[in-house]
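> Quick check, what structure comes out for this input:
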Amino acid sequence: MIAITILTILYFALRTSALFTVDNTIVTLQYVAPFIVIGAGEVLMLVLAEIDLSAGQVYLTAPWFVYWFWSAGVPVGLAIIFALLLSAVIGLLNGLITVWLRVPSLIVTLAMTFLLYGVVLVGSNYTQAQMTWTKGTPPASPVQTAPCHGYPLPAACLHAPSWAHPSPYWYYSNILGIGSWATILWAMLVLALIWFLLKHTRFGVHTTATGGNILAAAEAGIPVARVKIWCFMVISTVSGFIGILDLIRLGSMDPGDYGLNIVLPPIVAAVIGGTALTGGRATVLGTLIGALFLGVLEDGLNLTGVSANWFFLLEGIIIIVAMVLNGQLTRLAMRFRR
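Just a heads-up that it's a prediction; the model follows:
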């Protein structure tokens with residue numbers, strides 16, 4: 001994937017000079033930041049031979065949690081913390097249902113996606129704020145009509161200098177960041193933490209062992225149920241976190257957004273990066289390469305004037321090729337072991 005990504009970058013660099021401009025680089029990295037974070041979380045799931053389809057909806061729902069808490073009078077900082085805790089609780093529910101009730105994680109997280117989507121649609125209709133919300137439609141020009149109200153972290157307040165606009169929102173924007181590189185830097189930090197967790201901790205060893213052979217792991221004394229539940233909680237928490245960061249950066253949210261559209265590219269990034277769907281083998285850094293590849297591919301197609309439909313066509317082909325290669329490499333590794 002490293003070679004393919006480099007070749008893709010070189011190809012589009014020869015096709016258009018806009019690829020390496022600073023503005024385009026920033027936009028592309030901001031675009032792939034959720035892919036990196038959610039994809040890294042999906043690595044923990046895929047190494048267990050599980051999957052979390054609700055991560056994309058958690059990404060979209062966590063900002064609403066912040067908004068609802070803030071509308072109820074909770075300070076912004078506590079609202080963000082409570083939203084992250086609720087994101088972790090969603091992961092806990094996914095894990096408990098999957099482990100205790102033995103329902104496939106695909107079904108559990110798909111149902112959770114629908115549930116959270118309904119919560120956002122219903123909740124947005126009953127939101128008590130200074131602006132009017134109607135039937136799941138976003139507010140019209142919220143920043144212009146009420147620059148420091150209506151959203152927990154509106155762009156008009158965040159971008160105002162602290163000495164010119166003594167808003168409490170500025171403090172949180174400095175911590176979480178609204179700068180051009182802030183989102184990708186936070187994404188890289190989350191990626192590094194998950195990489196360290198998976199590769200250099202006992203929990204990471206237990207996770208890989210559980211995905212490789214759950215029966216052998218259990219007989220070796222590994223708490224396989226607890227490991228799975230914690231991985232569900234980790235991916236939900238980081239998905240909610242990157243969702244809140246994007247809220248801070250964009251200053252708006254749309255109740256009509258759908259989580260499955262968000263979660264599929266990170267899963268693709270993890271798979272084409274080298275993580276096996278069958279469990280037991282994972283690479284967090286490969287997910288980074290996969291996410292960058294998808295970002296460069298879509299950005300390059302857009303810059304060269306190619307229809308965005310080609311992106312989905314190529315993405316489908318890439319998934320098939322990656323799965324074939326995964327299977328071939330697995331069989332090749334087994335031959336070497338013999």
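
> quick one: what helix or strand has the residue nearest to Ala33 when sequence neighbours are not counted in it?
Setting aside the residues directly before and after it, Ala33 is nearest to Ala187 in space (C-beta to C-beta, 6 or more residues apart in numbering), at 4.0 Å. Placement of C-beta: from N, CA and C, glycine included. Per DSSP states H and E, Ala187 falls inside helix 182-199.

> Using CSV, write out every CA atom in whatever helix or strand comes next after that helix.
Per DSSP H and E, the first helix or strand lying C-terminal to helix 182-199 is helix 202-212. Provided in CSV are the C-alpha atoms of helix 202-212 (Å, rounded to 0.1, in the frame of the first residue of the first chain):
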residue,chain,number,x,y,z
ARG,A,202,-0.5,-6.5,27.7
PHE,A,203,-4.0,-5.5,26.6
GLY,A,204,-2.8,-5.4,23.0
VAL,A,205,-1.3,-8.9,23.3
HIS,A,206,-4.6,-10.1,24.8
THR,A,207,-6.5,-8.5,21.9
THR,A,208,-4.4,-10.1,19.2
ALA,A,209,-4.5,-13.5,20.9
THR,A,210,-8.3,-13.3,21.3
GLY,A,211,-8.7,-12.6,17.6
GLY,A,212,-6.3,-15.2,16.6
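
> for this protein, what's the longest helix?
If you go by DSSP state H, the chain has its longest helix at helix 309-337.

> Now tell me which helix or strand of the protein has the poorest mean pLDDT.
helix 142-145 (a mean of 31; mean pLDDT, DSSP states H and E).

> Pass me the low-pLDDT residue ranges in this structure, would you?
Residue ranges of the chain with pLDDT under 70: 125-175, 177-179, 252, 319, 322-323, 326-327, 330.

> mind listing what the residue nearest the centre of the chain touches?
The centre of the chain sits closest to Ile38, judged by C-alpha atoms, centre = their mean, with a distance of 2.8 Å. By C-beta atoms under 8 Å, 6 or more residues apart in numbering, the contact set of Ile38 is 55-56, 59, 235, 238-239, 242, 262-263, 266.

> again, 10 Å this time
The neighbourhood of Ile38, defined by C-beta atoms under 10 Å, 6 or more residues apart in numbering, consists of 52, 55-56, 58-59, 187, 190, 235, 238-239, 242-243, 262-263, 265-267, 269-270, 287, 291.

> Now do the strands in this structure.
Counting by DSSP state E, one finds no strands in the chain.

> counting contacts, what elements does the longest helix of the chain pack onto?
Contact here means 3 or more C-beta pairs under 10 Å, 6 or more residues apart in numbering; DSSP states H and E; on that basis helix 309-337 packs against helix 260-272, helix 284-303.

> With mean neighbour count as added columns, please give those in JSON lines.
Listed next are these as JSON lines, based on neighbours: other C-beta atoms under 10 Å:
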{"stretch": "helix 260-272", "mean neighbour count": "24"}
{"stretch": "helix 284-303", "mean neighbour count": "23"}
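
> nearest to Ala18, of the ones you listed?
helix 284-303 (5.2 Å; C-beta to C-beta).

> in terms of contact, does Ala308 touch Gly300 like I think?
No. Here Ala308 does not reach Gly300: they are 11.6 Å apart, not a contact under C-beta atoms under 10 Å.

> show me the contacts for Leu294.
Counting by C-beta under 10 Å, 6+ apart, Leu294 makes contact with 5, 8, 31-32, 35, 39, 265-266, 268-269, 272, 311, 314-315, 318.

> please redo it, this time with the cut-off set to 7 Å
By C-beta atoms under 7 Å, 6 or more residues apart in numbering, the contact set of Leu294 is 32, 35, 265, 268-269.

> Need the max-distance pair from those residues.
Val32 and Val268, at 11.9 Å, using C-beta to C-beta across the contacts of Leu294.

> At which residues are the helices of the stretch 1-150 of the chain located?
Counting by DSSP state H, counting those that start in this stretch, the stretch 1-150 of the chain has helices at residues 2-15, 22-46, 55-71, 76-100, 105-125, 142-145.

> report the angle between the axes of the first one and helix 309-337?
When you say that, I think you mean helix 2-15. Here the directions of helix 2-15 and helix 309-337 differ by 150 degrees (axes from the mean of the first three to the mean of the last three C-alpha atoms, to 10 degrees).
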